[in-house]
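Visitor: Sequence and predicted structure below; questions after.
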Amino acid sequence: MKKENLEYTNEPLLTPIENSEQDISKLKNEKIFKNKTFKHATKIINIVFIVLLVILCLVSIDIVLVSKYEKGPLFAVPTKVYTDGGTKEYIGLGYKVINYNQKQGRRDMEVGTWGLKYNTRPVSVTDLDLALEFGKEPKQAIKRYYGKFLRVTGVVKDVDKKSNQILLEFVDDDGKYKLDINCTMADKDNDIKTYKKGDYVYILGTLKDFKQANKVVPNTVFMENVFSQKQG
């Protein structure tokens, strides 16, 4: 009996796949579709991100211009004008700006959310209160009063007609707490030329800066857009 010569191979047996060409084509098309969809979604996300970034930059520019330099706004639309002298409201993307221009009162700018309210009522504070707060905790005091519309009472220390400024001072009985209040007037047409050292006055204005004491001058706050009136 003859033995048949058998050849062995490591190659697996291939099972034919029905409609294999159509299936491969379908898989390729699905892969291409998924790639296109992914690229399209990525493109949309990038566009949305860029738009949001541009909006954030525009909003940031307006907020800095208004809050630090009282300029602008550049990217907000005027929506209302008050009959108090010309105060204007502006609406931007997520923020509101009020540019106060009272005939005799508030003359600063304020920025906030859309819920920001028109408010011309000053915060009343005495020179004693300011001297104590800036003397004890200056960082907390500047956070509390910076940009605030204040009504302050005090005594005239000096009058600078050329610079259109008056300087008020406070010194407690023990000389421990001292404060100068440097006031830049809102208008040139005012009565400061009649003021003299020792006059008791009240002022309306916005606190915009603070400098701590040194060997020459005491703690000093700086008020802008000030209106004043002599008392007594």
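Guide: Thanks, I have the structure now. Numbers count the residues shown, from 1 in each chain.
Visitor: measure Glu110 to Lys96 for me?
Guide: 9 Å (Cβ to Cβ, to the nearest Å). To be clear about C-beta, it is placed using only N, CA and C from the backbone, and glycine gets the same treatment.
Visitor: can you list residues touching both of the two?
Guide: Residues touching both Glu110 and Lys96 (Cβ atoms under 8 Å, 6 or more residues apart in numbering) are Leu116.
Visitor: what about the strands in this structure?
Guide: Secondary structure of the chain by DSSP state E: the strands cover 77-81, 88-91, 96-99, 109-112, 123-126, 149-160, 165-171, 178-185, 200-211, 219-230.
Visitor: Tell me the helices and strands packed up against the fourth one.
Guide: I take that to be strand 109-112. In terms of contacts (3 or more Cβ pairs under 8 Å, 6 or more residues apart in numbering; DSSP states H and E), strand 109-112 is packed against helix 20-69, strand 96-99.
Visitor: Can you give me the buried ones in the shortest one?
Guide: What it means is strand 96-99. 96-99 (16 or more other Cβ atoms under 10 Å).
Visitor: show me where pLDDT drops low in the chain?
Guide: 1-34 (pLDDT under 70).
Visitor: Map the structural domains onto the sequence of this structure.
Guide: 26-120, 123-230 (automatic domain parsing).
Visitor: Out of those domains, which one sits most buried?
Guide: Most buried of the domains of the chain, by mean neighbour count (mean count of other Cβ atoms under 10 Å): domain 123-230, with a mean of 17.
Visitor: start to end distance for that domain?
Guide: Length of domain 123-230, first residue to last, Cα to Cα, to the nearest Å: 19 Å.
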